[in-house]
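> output the structure for:
(one chain, ligands or ions: 1)
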Amino acid sequence: MQLFAGIIDPETLLAKSAALCTALEIRYDLFLERGASLEDLTALSKRVRNLYPKAFQIGTIRLKRDGGMFSDAHAQDRDRYLNAILSNVDRPNVVDIEVEELETLLPKVRPVLRSTGTKFLVSHHDFLKVPSVSELEAWIEQAKAAGANGYKTACMSTAAGDFDEIYPLIEQESKNFELFSLFAMGASGQESRVKSLLFGANITYCSIGKAVAPGQLSVEDALNQYKKLAKNR
Ligand SMILES: O=C1C[C@@](O)(C(=O)O)C[C@@H](O)[C@@H]1O
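Modelled structure (predicted):
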């Protein structure tokens with residue numbers, strides 16, 4: 001199933017279009033930014049599940065360096081939040097751990113991931129460019145070596161066509177993961193958010209309020225574009 005993941009933040013928790021999403025990414029950093037306590041965070045998954053019972057949940061505490069609000073200097077201290085969030089009976093189905101934090105953060109949450117059967121996806125962000133195929137392959141290999149269930153890269157397109165050589169890689173590598181997302185941000189990368197799904201990616205991130213990343217499509221637009229592309233294939 002293709003996961004159209006709407007971004008859940010304090011503003012979009014009750015957004016109408018959240019109901020259109022097959023997945024929801026709970027952006028814990030955006031709740032923390034607004035003063036949420038540890039208890040508030042641990043209760044969020046249940047709140048979201050009560051509102052949108054069918055949506056697959058992705059739990060993310062995004063760092064500033066990757067477009068989020070959580071302090072980069074305290075990247076490794078996120079284990080405190082992740083351990084509490086995942087110890088709850090109601091918890092996200094998968095959490096996002098950056099490739100750069102595999103040696104530092106992952107060992108601190110591995111036990112709770114194992115004991116609760118929570119999946120993890122390895123992510124990488126590049127806000128400057130579309131990385132080369134060999135750079136992407138190296139991160140993908142790291143994700144495989146860590147035993148990740150999923151892989152994601154969001155990178156920046158700066159010119160039309162600069163993401164084109166990445167589609168064959170998506171076709172090849174998406175088969176090796178349960179969850180796979182690889183697309184470009186920015187205006188010229190926008191089509192890749194949907195087109196990547198036709199090459200085997202199965203998650204794309206959508207806005208259900210205002211866009212939280214450059215070039216992010218609304219879930220309505222993403223679903224419409226996907227239907228059109230899939231029909232004309
Ligand atoms: O990494 C991603 C992708 C994203 O940055 C986007 O470009 O849609 C949105 C983030 O919430 C998510 O964690």
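
> make it CA atoms for all contacts and neighbour counts henceforth
Will do.

> what's the mean pLDDT across stretch 110-130?
Averaged over stretch 110-130, pLDDT sits at 98.

> how about residues contacting that stretch?
For stretch 110-130, the external contacting residues (CA atoms under 8 Å, 6 or more residues apart in numbering) are 66, 83, 86-87, 92-100, 139, 143, 148-158, 162-163, 179, 184.

> show the end-to-end separation of it, please.
30 Å (CA to CA, to the nearest Å).

> buried residues of it, list them for me.
112-113, 118-127, 129-130 (16 or more other CA atoms under 10 Å).

> return only those of the contacts of stretch 110-130 found close to the ligand.
Residues shared between the contacts of stretch 110-130 and the neighbourhood of the ligand are A154 [CA under 6 Å from any ligand atom].

> give the bridge partners for the nearest residue to L121 once chain neighbours are set aside, please.
Nearest residue to L121, sequence neighbours excluded (CA to CA, 6 or more residues apart in numbering): G150, at 4.0 Å. Counting by DSSP bridges, G150 is bridged to L121, L179.

> G150: what's it in contact with?
Per CA under 8 Å, 6+ apart, neighbours of G150: K119, F120, L121, V122, A143, F177, E178, L179, F180.

> for this protein, which residues score under the pLDDT cut-off?
Across the chain, not a single residue meets the criterion (pLDDT under 70).

> get me the contact residues on it for the ligand.
Within the chain, the positions adjacent to the ligand are I7, A154, M185, Y205, A213, Q216 by CA under 6 Å from any ligand atom.

> and if we set it to 5 Å?
Within the chain, the positions near the ligand by CA under 5 Å from any ligand atom are Y205, A213.

> filter the buried residues of stretch 110-130 down to just the ones in strands.
Within the buried residues of stretch 110-130, residues falling in strands by DSSP state E are K119, F120, L121, V122, S123, H124, H125, D126.

> got these as TSV, with distance to Y226 columns?
As requested, these are exported to TSV (distance: CA to CA, whole Å):
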residue	distance to Y226
K119	26
F120	26
L121	23
V122	25
S123	23
H124	24
H125	24
D126	25
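
> isn't T22 right up against A55?
Yes - look at T22 against A55 with CA atoms under 8 Å: they come within range, at 4.9 Å.

> the more surrounded of the two?
Per other CA atoms under 10 Å, whichever of T22 and A55 has more neighbours is A55, with 22 against 19.

> what segments of this structure are strands?
Under DSSP E, the chain gives strands at 3-8, 23-27, 56-60, 94-98, 119-126, 150-156, 179-185, 203-206.

> got a list of contacts for stretch 16-27?
Under CA under 8 Å, 6+ apart, the answer for stretch 16-27 is 2-9, 12, 45, 52, 54-62, 208, 219-220.

> buried sites along it?
For stretch 16-27, using 16+ other CA under 10 Å, the buried residues are A18, A19, L20, C21, T22, A23, L24, E25, I26, R27.

> ok, for the last one, nearest residue in space, not its chain neighbours?
The shortest distance from R27 to any non-neighbouring residue, by CA to CA, 6+ apart, is to T60 (5.1 Å).

> shouldn't that neighbour be in contact with P92?
No - the criterion here is CA under 8 Å, and T60 misses it with P92 at 9.3 Å.

> ramachandran angles for P214?
P214 adopts backbone torsions of phi -60, psi 130, taken as degrees, to the nearest 10.
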